[in-house]
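*Asks:* pasted the sequence and its predicted model underneath.
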Amino acid sequence: MPELPEVEIVRKALELQIVDKTIKSIDVFYPKIIRTPTDVQAFKWLLEGQTVQSVARKGKYLLLHMNQVTLVSHLRMEGKYIFSEDEGTIVDKHTHIVFHFTDGTLLQYKDVRKFGTMDAVPKGAEKELQALRKLGQEPIDPNFDVEMFSSLVKSKLAPIKQILLNQEIVSGLGNIYVDETLALSKLHPLRKGHSLTDEEIQRIIVSMKKVLVKAIQQGGSTIRSYESFYGKGSMQEHFTVYGRTGQPCQTCGMQIEKIKVGGRGTHFCPACQKEDF
Ligand SMILES: [Zn+2]
C-alpha cells in the first residue's frame with residue numbers, strides 16, 4: 001500500500017506530466033471509484049473543460065487543483081496513474097478511468113483491487129471532505145506542532161504502533177514506515193502512548209521525518225504489488241526491520257522478530273527496542 005513517500009513520488013510525476021493540460025473527455029469503466037459526485041455524468045460535467053493548475057498532496061491523498069474544481073484521489077492498496085503521450089495506448093481490464101486531454105495525451109487510472117477513490121468537488125470545498133478534515137498533521141510539515149502531537153500521543157492507552165498508524169493523529173505513515181520509525185527511535189511497538197516521555201516522543205518525531213525524507217529520496221519503496229509507475233523505488237533496500245524477520249539486526253546482530261499489533265504485522269529488534277515499561 002502506498003504510504004506518504006510513494007504518494008509524493010506519484011505527485012511529483014503527475015506535476016511534470018499533467019499541469020497545464022485541459023481535460024477534453026473522461027471514460028469511466030468502473031463507476032464505484034467515484035464517490036463525489038455520486039452521479040458519473042455529473043463527475044464528467046464537472047471535470048471536462050477544466051485545466052490542471054497544480055498537483056498537491058495531503059497525507060496519502062492527491063489533490064489535483066483545476067480552475068474551478070479539485071479532484072481528490074486516494075490510491076488505497078494498488079491504485080496507479082499511467083500517463084501516455086498518445087491515444088494508441090492499451091487500456092486493459094484494470095483501467096477504470098481515463099482522462100483524455102485536449103493535446104491528445106491521456107491519463108489512465110488503474111487499480112487491480114478497485115479500492116481507490118475519487119472525489120471531484122468545487123475548488124476549496126475539498127477542505128470540507130470528511131476524510132481530509134480529520135487528517136492529522138504531517139511529520140515532514142515544517143510547521144509540525146510538537147505540543148499537539150505530544151499531548152495526543154500521551155492521551156492514548158493504545159500501543160505506539162497503533163497510534164502512529166492512526167491518520168487522525170499523524171498522517172502519511174503506514175505499516176512499513178511506522179515499523180521503521182520505531183526501530184530508529186529504539187522504542188518497542190507495544191509501548192503505550194501514555195507511558196512515553198517527552199524525550200521519547202521527540203525521538204519519534206525526528207525519526208518519522210528522517211524515515212520519510214529518506215524514502216522520498218529513494219523514490220519510495222517497491223514491495224510486492226506496489227510499484228510507482230515511473231521507475232522502481234529502492235527504499236526497501238534500506239529497511240532496518242520491515243520484512244527482515246529472522247535476519248540479524250544491523251546494529252546488534254539479534255534476530256528481527258515479527259509480532260501482531262492491532263492485527264498488523266510488526267517488525268522490531270528485541271534488543272534495540274526493549275520492552276522496558
Ligand atoms: Zn538490534
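*Replies:* Nice, I can see it. Because the structure is a prediction, the values reported are computed rather than measured.
*Asks:* check which element follows the worst-scoring helix or strand of the chain on mean pLDDT along the chain.
*Replies:* Lowest on mean pLDDT, DSSP states H and E among the helices and strands of the chain sits helix 130-133, with a mean of 90. The helix or strand immediately downstream of helix 130-133 is helix 146-154, counting by DSSP states H and E.
*Asks:* which other helices and strands contact the helix or strand that that following helix is followed by?
*Replies:* Sequence order places helix 160-165 as the next helix or strand after helix 146-154, per DSSP H and E. Secondary-structure packing of helix 160-165 (3 or more CB pairs under 8 Å, 6 or more residues apart in numbering; DSSP states H and E): helix 146-154, helix 175-185, helix 198-217, strand 264-268. Backbone N, C-alpha and C define where each C-beta goes, glycine included.
*Asks:* closest to residue 9 out of those?
*Replies:* Taking CB to CB, helix 198-217 is the member of the helices and strands packed on helix 160-165 nearest to residue 9, at 7.0 Å.
*Asks:* how about the closest one: buried residues?
*Replies:* 201, 203, 204, 205, 207, 208, 209, 210, 211, 212, 215, 216 (16 or more other CB atoms under 10 Å).
*Asks:* tell me the one among those residues nearest to residue 27.
*Replies:* Nearest to residue 27, judged by CB to CB, of the buried residues of helix 198-217 is residue 216 at 32.0 Å.
*Asks:* can you show me the CA trace of stretch 193-213 as CSV?
*Replies:* The C-alpha trace of stretch 193-213 is given here as CSV (Å, rounded to 0.1, in the frame of the first residue of the first chain):
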residue,chain,number,x,y,z
GLY,A,193,1.2,6.2,24.3
HIS,A,194,0.7,7.5,27.8
SER,A,195,3.9,5.8,29.0
LEU,A,196,6.1,7.7,26.7
THR,A,197,8.4,10.5,27.9
ASP,A,198,8.9,13.9,26.2
GLU,A,199,12.4,12.7,25.1
GLU,A,200,11.0,9.5,23.6
ILE,A,201,8.3,11.4,21.7
GLN,A,202,10.9,13.8,20.4
ARG,A,203,12.8,10.8,19.2
ILE,A,204,9.7,9.6,17.3
ILE,A,205,9.2,13.0,15.7
VAL,A,206,12.8,13.1,14.5
SER,A,207,12.7,9.5,13.3
MET,A,208,9.4,9.9,11.4
LYS,A,209,10.9,12.8,9.4
LYS,A,210,14.2,11.0,8.7
VAL,A,211,12.4,7.9,7.5
LEU,A,212,10.0,9.7,5.3
VAL,A,213,12.6,12.1,3.8
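*Asks:* contacts for it next, please.
*Replies:* The contact list for stretch 193-213 (CB atoms under 8 Å, 6 or more residues apart in numbering) reads 4-5, 139-140, 144, 146, 149-150, 153-160, 163-164, 170, 172-173, 177, 180-182, 184-187, 191, 277.
*Asks:* which strands and helices sit next to the least confident helix or strand of the chain?
*Replies:* Helix 130-133 packs on strand 69-74, going by 3+ CB pairs under 8 Å, 6+ apart.
*Asks:* doesn't residue 17 belong to a helix?
*Replies:* Yes - under DSSP: H, G, I helix; E, B strand; the rest coil, residue 17 sits within a helix.
*Asks:* tell me, how many residues neighbour it?
*Replies:* By the measure other CB atoms under 10 Å, the count of residues near residue 17 is 19.
*Asks:* got phi/psi on the closest residue to it other than its chain neighbours?
*Replies:* Setting aside the residues directly before and after it, residue 17 is nearest to residue 83 in space (CB to CB, 6 or more residues apart in numbering), at 4.3 Å. The phi/psi pair for residue 83 (degrees, to the nearest 10) reads phi -100, psi 140.
*Asks:* swap in residue 114?
*Replies:* Here is the backbone geometry of residue 114 (degrees, to the nearest 10): phi 60, psi 30.
*Asks:* contact partners for it?
*Replies:* 30, 32, 33, 96.
*Asks:* ok, back up a step: now, of the contacts of stretch 193-213, which are buried?
*Replies:* Buried, going by 16+ other CB under 10 Å: 4-5, 139-140, 149-150, 153-154, 156, 158-160, 163-164, 170, 172-173, 177, 180-182, 184-187, 191, out of the contacts of stretch 193-213.
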